[in-house]
Every structure is written in structure tokens, then in C-alpha cells.
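A.B. asks: heads up, no residue letters with this:
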């Protein structure tokens, strides 16, 4: 007569295989991920320009001068947004310069 025995349960089961990770899927540190975003680069550039002019030109420190700077940059910015959208869409419009 043949007797069938169950396998021993004392030995641990083999661990599942660990998937290989390459550099594309590894988690990058937070400062590196932030610096990779274009918005952060634009903000840092604008901050550097502001700090430079704040140190080099004393009139920039006054509130009235800042109002003039913001007024001038808003005029350019309001026209730059539609031109940027046209360029992203593949169009080219020279009439935006006339509108300013």
C-alpha cells in the first residue's frame, strides 16, 4: 500500500522575483522634479531679473516705479499670450505687433 504525504510546511516559500528597475522608472528627488518643470525656470529667471534691478537701480524700490513697470509688462503680456497660442497652434500672425 502506498502512502501519500503532504509536503512539509516548515520551509518558507520562495520570494517572488523582484522586477528590474531602470533609470526611467526610478523616483527622482523633489528638487530635481521641480527644476525640470518649465514654470519653475521662468519663475527663477524673473526672480533673478527682479533681484538684479532691485540691487542695481534704486528707483525700482519705490512703489510708483513698480506700478509703471507692471503697467508696461501687462501691455506686453496681454499681447504675448495670444501670439504664443497662435505659435503653439502653428500659425504666424504679424498683426499682433500693430495692435500694441
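C.D. replies: Yep, that arrived. Everything numeric in this text was worked out from a predicted model, so none of it was measured.
A.B. asks: For the protein, give me the ranges with low pLDDT.
C.D. replies: The model of the chain has pLDDT under 70 over residues 1-15, 18-26, 96-100.
A.B. asks: longest helix anywhere in it?
C.D. replies: If you go by DSSP state H, the chain has its longest helix at helix 63-88.
A.B. asks: tell me the helices in the chain, going along the chain?
C.D. replies: Using DSSP H, the helices of the chain run over 30-35, 38-56, 63-88, 95-99.
A.B. asks: which outside residues touch the second one?
C.D. replies: When you say that, I think you mean helix 38-56. For helix 38-56, contacts defined as C-beta atoms under 8 Å, 6 or more residues apart in numbering pick out 34, 35, 60, 61. Backbone N, C-alpha and C define where each C-beta goes, glycine included.
A.B. asks: Can you lay out the helices of the chain as CSV showing distance to residue 17 and mean neighbour count?
C.D. replies: Formatted as CSV, these follow (distance: least, C-beta to C-beta, whole Å; neighbours: other C-beta atoms under 10 Å):
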stretch, distance to residue 17, mean neighbour count
helix 30-35, 29, 10
helix 38-56, 38, 11
helix 63-88, 45, 11
helix 95-99, 59, 9
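A.B. asks: what's the closest of these to residue 16?
C.D. replies: helix 30-35 (29.4 Å; C-beta to C-beta).
A.B. asks: Contacts for the closest one next, please.
C.D. replies: The contact list for helix 30-35 (C-beta under 8 Å, 6+ apart) reads 40, 41.
A.B. asks: centre of the chain versus it, how much separation?
C.D. replies: Averaging C-alpha positions (C-alpha atoms, centre = their mean, to the nearest Å) puts helix 30-35 8 Å from its chain's average.
A.B. asks: for stretch 32-40, same thing?
C.D. replies: For stretch 32-40, the distance to the chain centre is 4 Å (C-alpha atoms, centre = their mean).
A.B. asks: Then stretch 72-91?
C.D. replies: Distance, centroid of stretch 72-91 to centroid of chain: 20 Å (C-alpha atoms, centre = their mean).
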